[in-house]
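Asker: Predicted model, plus sequence, below.
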Amino acid sequence: MSQPVDVAVLVGSLRKESFNRKMAHALAELAPPSLKLEIVEIRDVPHFNQDEEANPPPASAAFKARIQKAQAVIFVTPEYNRSVPGVLKNAIDVASRPYGKSAWDGKPAAVVSVTGGALGAFGANQHLRQSLVFLNMPTLQQPEAYIGQAASLFDAGGKLVKPETREFVGKFMNAFVAWVEKIRR
């Protein structure tokens with residue numbers, strides 16, 4: 001039996017009870033056994049500073065090393081001002097530098113955007129995909145995952161309880177497995 005694929009999950013919200021963090025846990029719960037999802041924290045990654053590229057701060061180096069180890073990546077993001085949160089963009093930048101030594105290169109990816117509003121953080125999802133193209137991360141195209149009205153999806157303990165959404169997330173994770181297998185071939 002082969003080892004499960006190591007999937008780094010980056011949550012673009014730092015809030016402890018964020019809908020995005022809850023969704024990241026739901027993704028892990030509903031993932032097939034062939035995937036091992038782990039939330040890779042971005043809260044302690046220092047601001048990217050090009051002056052430190054040759055000798056990055058320890059937290060930046062550790063984060064980049066964890067991304068290098070990952071075999072695939074799922075980004076779970078809210079939308080701030082029609083884009084991704086600065087903390088997520090910073091983490092992406094830290095692991096992509098110095099130029100030509102990106103930890104993201106070639107890793108299969110997926111984007112899930114989650115919001116309490118109706119549009120499912122469409123703007124952030126699409127903005128993030130632009131960066132992933134530059135980073136050479138083949139990103140799952142279908143199904144697209146724009147999750148809106150998130151306050152109605154989780155119980156008081158943070159568990160995803162809406163049956164249709166659980167079904168969608170399960171299908172999304174199965175599609176991601178197929179995508180990862182296709183890219184890794």
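Answerer: Good, I have the coordinates. Not measured: the values here are computed from a predicted model.
Asker: any low-confidence regions in this structure?
Answerer: 1 (pLDDT under 70).
Asker: can we see that at 90?
Answerer: 1-2, 16, 116-121, 185 (pLDDT under 90).
Asker: quick one: contacts for the residue positioned nearest the centre of it?
Answerer: Among the residues of the chain, the one closest to the centroid is Phe75, at 1.3 Å (Cα atoms, centre = their mean). Applying Cβ atoms under 8 Å, 6 or more residues apart in numbering, we find Phe75 in contact with 9-10, 12, 88, 109-112, 128, 132. In short, each C-beta sits where N, CA and C put it, glycine included.
Asker: Next: Ala91.
Answerer: By Cβ under 8 Å, 6+ apart, the residues touching Ala91 are 10, 42, 45, 63.
Asker: list the contacts for the first one?
Answerer: Leu10 makes contact with 39-40, 42, 73-76, 88, 91 under the criterion Cβ under 8 Å, 6+ apart.
Asker: Quick check: the gap between Lys69 and Phe75.
Answerer: To Phe75, Lys69 is 17 Å away according to Cβ to Cβ, to the nearest Å.
Asker: In JSON lines: the contacts of Phe75, plus distance to Leu30 and secondary structure.
Answerer: Converted to JSON lines, those look like this (distance: Cβ to Cβ, whole Å; DSSP: H, G, I helix; E, B strand; the rest coil):
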{"residue": "Val9", "distance to Leu30": "13", "secondary structure": "strand"}
{"residue": "Leu10", "distance to Leu30": "18", "secondary structure": "strand"}
{"residue": "Gly12", "distance to Leu30": "20", "secondary structure": "coil"}
{"residue": "Leu88", "distance to Leu30": "22", "secondary structure": "helix"}
{"residue": "Ala109", "distance to Leu30": "18", "secondary structure": "strand"}
{"residue": "Ala110", "distance to Leu30": "13", "secondary structure": "strand"}
{"residue": "Val111", "distance to Leu30": "17", "secondary structure": "strand"}
{"residue": "Val112", "distance to Leu30": "12", "secondary structure": "strand"}
{"residue": "Leu128", "distance to Leu30": "22", "secondary structure": "helix"}
{"residue": "Leu132", "distance to Leu30": "23", "secondary structure": "helix"}
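Asker: quick one: which of these has the most company?
Answerer: Using other Cβ atoms under 10 Å as the neighbour criterion, Gly12 leads these with 29 neighbours.
Asker: separation between that one and Glu38?
Answerer: 16 Å.
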